[in-house]
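**Q** pasting the sequence and the predicted coordinates here, then a few questions.
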Amino acid sequence: MLVLVCYDVNTETRAGRRRLRRVARVCESTGQRVQKSVFECQLDLARFEALERDLLAEIDPSMDCLRLYRIPGTRGFEVIEHGTFKAVDFDGPLVL
């Protein structure tokens, strides 16, 4: 399934800036950054649950916001891109 991870971490304190780096690191290890605080991840259910657990361990729910959008089937799903960023096509051919 395609998962969109969106977060907003309060960076007014030193601890908040550390949380932001840790959240970004977890997301970078799992998917591709498409905006500063938005990642696309191609995951199965077990990896999705692990990602959610890892992110919840990093954020402070009283100060930060984390949103996970699960898009279970990509049939009929379309992403329209504008601008310079070009995403990796997870379903396309792998070229090394």
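**A** Thanks, I have the structure now.
**Q** from S37, how far out is D60?
**A** D60 is 15 Å from S37, where distance means C-beta to C-beta, to the nearest Å. (Glycine included, C-beta is placed from N, CA and C.)
**Q** and those two? Which one has more around it.
**A** Between D60 and S37, counting by other C-beta atoms under 10 Å, S37 is the more crowded of the two (18 against 12).
**Q** which stretches of the protein form strands?
**A** 2-8, 32-35, 38-42, 65-71 (DSSP state E).
**Q** for the shortest one, name the packing helices and strands.
**A** Packed against strand 32-35, as judged by 3 or more C-beta pairs under 8 Å, 6 or more residues apart in numbering; DSSP states H and E, are the following elements: strand 38-42.
**Q** try the last one
**A** For strand 65-71, the helices and strands in contact under the criterion 3+ C-beta pairs under 8 Å, 6+ apart are strand 2-8, helix 45-58.
**Q** next, count neighbours for E28.
**A** For E28, using other C-beta under 10 Å, the count is 11.
**Q** how about stretch 25-34: buried residues?
**A** 26-27, 30-31, 34 (16 or more other C-beta atoms under 10 Å).
**Q** which among the residues you listed gets closest to V3?
**A** G31 (7.3 Å; C-beta to C-beta).
**Q** for the closest one, give me its contacts.
**A** Contacts for G31 (C-beta atoms under 8 Å, 6 or more residues apart in numbering) come out as 3, 5, 39-43.
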